[in-house]
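Engineer: Pasted the sequence and its predicted model underneath.
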Amino acid sequence: MQLECQSCGARVEIEADRRTGKCLYCGSPQVVDRPSTADRPNPELAIGFALPPEKALEVARRWVKGAFFAPQSFRKAAVEEIRGLYVPTYLYSAIAHSQYSAQIGENYTVTETYTTTDSKGRTVTRTRTKTKTEWRSLQGLHSIYVSDHVVTASRGIPNDELEAIEPFDFRDLRRFDPILLSGWGAEEPSYAPAQCVELARGEAAAQVGRMLGGFMPGDSHRSLQHSTRFDGEDLRLAMMPVWVLPVRYDPEKPPVRLLVNGQTGKITGKPPKSWLKITVAILLALAVVAGVVLLALEASR
């Protein structure tokens with residue numbers, strides 16, 4: 001897509017999956033104002049960057065050095081590259097109606113009489129209290145409002161990676177303004193809303209299951225099952241701030257990508273593994289266990 005630079009008037013080419021770019025002639029940041037479509041709506045909400053790049057680099061460097069089971073080449077790698085990216089996500093909310101069933105446990109105590117042998121070898125009668133549980137079936141309906149589920153709309157950042165740097169603080173959520181993207185990298189959503197709704201429902205259903213567990217009466221519960229339907233679903237495209245840092249530690253291997261929440265500083269990544277370190281750690285653990293067992297055997301003789 002081409003647009004005219006507002007600073008120098010040159011024609012600027014911007015890739016179809018990007019919302020931002022730079023003019024090749026004057027370096028001015030450019031933001032695309034695309035028409036909304038059903039599969040690619042315009043953002044409604046956004047959270048701005050609160051973590052400066054030097055802090056993100058500090059977090060990443062500390063994380064790389066602390067990757068104990070990674071090769072030394074990774075732990076000593078220089079972390080210099082950093083890019084701020086606004087990632088397209090969908091915020092999901094709905095009313096969840098659940099039909100559930102479970103076994104509810106109510107504890108009670110009983111006094112038992114038993115015989116045993118005392119220190120002098122005599123048979124004696126004693127009493128003790130014991131806790132038992134009475135189980136009863138429970139069924140019912142439960143409704144609750146679920147909100148603030150964030151799911152990725154980007155093929156470049158899978159949902160599990162986005163989840164790893166959550167949560168975002170929604171107190172900083174604001175109405176989207178295209179000027180917010182000026183000077184930053186920003187993606188267009190590459191997943192249609194319908195795809196993201198299914199992903200969000202799965203997250204919401206898991207949340208409902210956890211809530212139902214806390215809602216159950218009694219002292220304990222088991223065999224909790226529920227079926228949930230969602231009403232009043234709301235899905236809004238929101239841009240979330242993420243620092244992206246590639247760690248290059250081996251010229252023959254691809255870099256390891258780190259993601260840092262641009263608001264809170266929470267970090268995620270998948271460091272390479274040193275199987276030599278892992279093997280040594282396992283052998284040391286086995287040696288410690290064997291030593292404890294030998295000491296126990298010696299003490300019992």
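Structural biologist: Nice, I can see it. Numbers count the residues shown, from 1 in each chain.

Engineer: From here on, just use CA atoms for contacts and neighbour counts.
Structural biologist: OK.

Engineer: residues of the top helix by length along the chain that come out buried?
Structural biologist: Counting residues, the longest helix found in the chain (DSSP state H) is helix 275-300. By 16 or more other CA atoms under 10 Å, helix 275-300 has no buried positions at all.

Engineer: So for that helix, mean pLDDT?
Structural biologist: Here helix 275-300 scores 74 as its mean pLDDT.

Engineer: same question, stretch 171-184
Structural biologist: Here stretch 171-184 scores 90 as its mean pLDDT.

Engineer: contacting residues for residue 55?
Structural biologist: residue 265 (CA atoms under 8 Å, 6 or more residues apart in numbering).

Engineer: My reading is that it is in a strand; is that accurate?
Structural biologist: No. Counting by DSSP: H, G, I helix; E, B strand; the rest coil, residue 55 is located in no strand; its state is helix.

Engineer: need the contact list for residue 199.
Structural biologist: Going by CA under 8 Å, 6+ apart, residue 199 touches residue 151.

Engineer: The one helix or strand it maps to: which residues count as buried?
Structural biologist: In this structure, residue 199 sits in helix 193-215 according to DSSP states H and E. Neighbour-count burial for helix 193-215, counted by 16+ other CA under 10 Å, picks out 193, 196-197, 199-201, 204-205, 208-209, 212-213.

Engineer: what does stretch 102-115 give?
Structural biologist: Under 16+ other CA under 10 Å, the buried positions of stretch 102-115 are 102-105.

Engineer: With stretch 179-197 instead?
Structural biologist: So, applying 16+ other CA under 10 Å, buried residues of stretch 179-197: 181-191, 193, 196-197.

Engineer: After the biggest strand by length in the chain, which helix or strand is next?
Structural biologist: The longest strand of the chain (DSSP state E) is strand 83-117. Once the chain leaves strand 83-117, the next helix or strand it forms, by DSSP H and E, is strand 123-152.

Engineer: For whatever helix or strand comes next after that next one, what is the distance to the chain centroid?
Structural biologist: Sequence-wise, the next helix or strand downstream of strand 123-152 (DSSP H and E) is helix 159-164. The chain centroid and the centroid of helix 159-164 are separated by 5 Å, computed with CA atoms, centre = their mean, to the nearest Å.

Engineer: can you list the residues that contact helix 159-164?
Structural biologist: Contacts with helix 159-164, where a contact means CA under 8 Å, 6+ apart, come from 150-152, 259, 267-269.

Engineer: Using a markdown table, lay out these together with distance to residue 278 and pLDDT.
Structural biologist: Converted to a markdown table, the contacts of helix 159-164 look like this (distance: CA to CA, whole Å; pLDDT from 0 to 100):
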| residue | distance to residue 278 | pLDDT |
| --- | --- | --- |
| 150 | 35 | 95 |
| 151 | 34 | 96 |
| 152 | 33 | 95 |
| 259 | 25 | 97 |
| 267 | 23 | 97 |
| 268 | 21 | 96 |
| 269 | 19 | 94 |
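
Engineer: Out of the residues you listed, who's the most crowded?
Structural biologist: Sorting those by how many neighbours each has (other CA atoms under 10 Å) puts residue 152 first, at 28 neighbours.

Engineer: ok, what's across the strand from that residue?
Structural biologist: According to DSSP bridges, the residues that bridge with residue 152 are residue 89.

Engineer: Okay, it and residue 266: tell me how far apart.
Structural biologist: For residue 152, the distance to residue 266 equals 17 Å [CA to CA, to the nearest Å].

Engineer: From the buried residues of stretch 102-115, pick the one nearest residue 245.
Structural biologist: residue 102 (46.5 Å; CA to CA).

Engineer: Let's see the pLDDT reported for the closest one.
Structural biologist: 96.

Engineer: shaky segments in the stretch 1-150 of the chain?
Structural biologist: The stretch 1-150 of the chain contains residues with pLDDT under 70 at 1-36, 38.

Engineer: Torsion angles phi and psi at the nearest residue to residue 52 once chain neighbours are set aside?
Structural biologist: In space, and not counting its chain neighbours, residue 52 is closest to residue 262: 7.8 Å by CA to CA, 6 or more residues apart in numbering. Per-residue torsions, residue 262: phi -70, psi 0 (degrees, to the nearest 10).
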